[in-house]
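Q: Here you go, sequence then predicted model.
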Amino acid sequence: MIPASEALKLLQEGNERFVAGFRSSNSRPSQRLRDKLVDGQNPIAIILGCSDSRVPAEMVFDQGLGDLFVIRVAGNVVAPSQVASVEFAAEAFETRLVVVIGHSQCGAVSATINEMKLPLQQRSQNMQAIVGRIQPSVVSMMEMTDAQDYELLLERSIRANIRASANHLRHGSPLLEELIQTKGLIVVGAEYSLETGAVDFFDGIPS
């Protein structure tokens, strides 16, 4: 088992390589590695990220096969299935770091802002499964942002949504709460920049 602080350092170093355009030899797949993983896995981190095709966690953190347990959903929202997936990995593999990672220009957050402008009868019922979980973060940011400044509202809402998802994992599961209190589990929030490739870990970082 790798402690959360050590896993976080590995991800930060991996992202630095990604930004610089380098790739570790350990992140390259091989027959030997595939054979080794047949009998089990020991991921260093659980990643709850957005489904956006531009944010593949293994590449962003320069990690290889078996290194990350990745859960992807539009808007990196937390629903029961996502909580259960995190619980499973944290308990089954004793993975001690959970990263909720959103990204700049998030389409799911942008869609939420736009959906909120539509009459209820024109909103997609299926989209509400995503929008409904992002909307509270958008509403909270609307209260402190100039209504005419769409880009600032989007930026603030993206971060608020990441914090909300991380907090949901910290406080919405008795199992995860127990692991946080007694087994060193850490849940952090981060934002990936589409413009630079850098990941900013800004929420829940141990002092």
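A: Good, I have the coordinates. Predicted model, so just to flag it, every value in this text is computed and none were measured. Numbers count the residues shown, from 1 in each chain.
Q: Confidence-wise, which helix or strand of this structure is lowest on average?
A: Taking mean pLDDT, DSSP states H and E as the measure, the helix or strand of the chain with the lowest value is helix 31-37, at a mean of 83.
Q: Next, the residues that contact that helix from outside, please.
A: Applying Cβ atoms under 8 Å, 6 or more residues apart in numbering, the set of residues contacting helix 31-37 from outside is 64, 65, 66. All C-beta atoms are positioned from the backbone trio N, CA, C, and that covers glycine.
Q: my read: the last one touches residue 44, true?
A: No - the pair residue 66 / residue 44 is not scored as a contact, 9.2 Å apart, by Cβ atoms under 8 Å.
Q: more crowded one of these two?
A: Summary of the neighbour comparison: residue 66 and residue 44, criterion other Cβ atoms under 10 Å, with residue 44 having more neighbours (24 against 16).
Q: these two touch, right, the more buried one and residue 13?
A: No - because the distance of 11.8 Å does not satisfy Cβ under 8 Å, residue 44 is recorded as not touching residue 13.
Q: Give me the buried positions along the helix ranked longest in the chain.
A: Among the elements of the chain assigned as helix by DSSP state H, the one spanning the most residues is helix 150-171. By neighbour count with 16 or more other Cβ atoms under 10 Å, helix 150-171 contains the buried residues 153-170.
Q: Could you pull up the contacting residues of residue 10?
A: Contact criterion Cβ under 8 Å, 6+ apart gives 2, 44, 45, 61, 63 as the residues in contact with residue 10.
Q: And these, which is closest to residue 17?
A: Proximity of these to residue 17 (Cβ to Cβ) peaks at residue 61, which lies at 9.0 Å.
Q: Report how many residues lie close to the nearest residue to that closest one once chain neighbours are set aside.
A: By the measure of Cβ to Cβ, 6 or more residues apart in numbering, the closest residue to residue 61 outside its immediate chain neighbours is residue 14, 4.1 Å from it. Applying other Cβ under 10 Å, we find 26 other residues in the vicinity of residue 14.
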